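Asks: Test case, fold it:
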Amino acid sequence: EVQDKAYMSMLLDMAKAIQGDYWRSSLSLSLAGCDLAKKELLDLALQSLMSNLEWLKLDLQFTNLEDASLSSLAKALPQKLKTLGVDLAGCSISDRGVFSFLSKLPSTVSKITMK
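Replies: Modelled structure (predicted):
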């Protein structure tokens with residue numbers, strides 16, 4: 001629980017800092033190693049995604065994400081997004097989870113790279 005509070009505090013600070021750059025159209029965000037298995041932690045991290053992003057690279061290695069988490073991620077992506085890179089190495093994602101994620105991406109995404 002203490003660790004969760006530390007994550008929440010860190011993610012909230014990060015979200016506020018990134019949201020302050022509302023003019024950005026690209027973002028590279030590394031949350032590698034952060035435990036995002038709890039939905040509220042993932043949701044807090046995703047709050048930082050500005051609505052005008054067109055290019056996004058997410059390093060989510062070893063974050064304990066599972067298939068259901070990918071659905072939340074896809075729903076939180078900006079509707080103007082054109083290019084997406086996601087690194088999910090070390091996460092428990094099945095092929096079914098990946099296909100579900102891809103089907104929920106904004107229609108504007110024309111290029112995606114997944115690891």
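
Asks: Let me know the pLDDT of L49.
Replies: According to the prediction, L49 has pLDDT 80.

Asks: Could I get the full set of helices for this structure?
Replies: For the chain, the helices defined by DSSP state H occupy 2-19, 39-46, 67-76, 95-103.

Asks: pretty sure Q61 is in contact with L36, am I right?
Replies: No: at 11.1 Å, Q61 does not count as touching L36 under the criterion of CB atoms under 8 Å. (Glycine included, C-beta is placed from N, CA and C.)

Asks: Looking only at neighbour counts, state which of the two leads.
Replies: Using other CB atoms under 10 Å, the more surrounded residue of Q61 and L36 is L36, with 26 against 17.

Asks: Pass me the low-pLDDT residue ranges in this protein, would you?
Replies: By pLDDT under 70, the low-scoring segments of the chain are 1-4, 7-8, 10-24.

Asks: please redo it, this time with the cut-off set to 80
Replies: Counting by pLDDT under 80, the chain contains low-confidence ranges at 1-24, 38-41, 44-48, 50.

Asks: Which residues are in contact with L105?
Replies: With contacts taken as CB atoms under 8 Å, 6 or more residues apart in numbering, L105 has the following neighbours: A74, L77, L81, L84, I112.

Asks: again, 10 Å this time
Replies: For L105, the contacting residues are L73, A74, K75, L77, L81, L84, I112, taking CB atoms under 10 Å, 6 or more residues apart in numbering as the criterion.

Asks: ditto for L58
Replies: Residues near L58 by CB under 10 Å, 6+ apart: 27-32, 45-46, 49, 73, 77, 84-88.

Asks: Among these, which pair sits farthest apart?
Replies: Farthest-apart pair in the contacts of L58 is A32 and L77; separation 18.9 Å (CB to CB).
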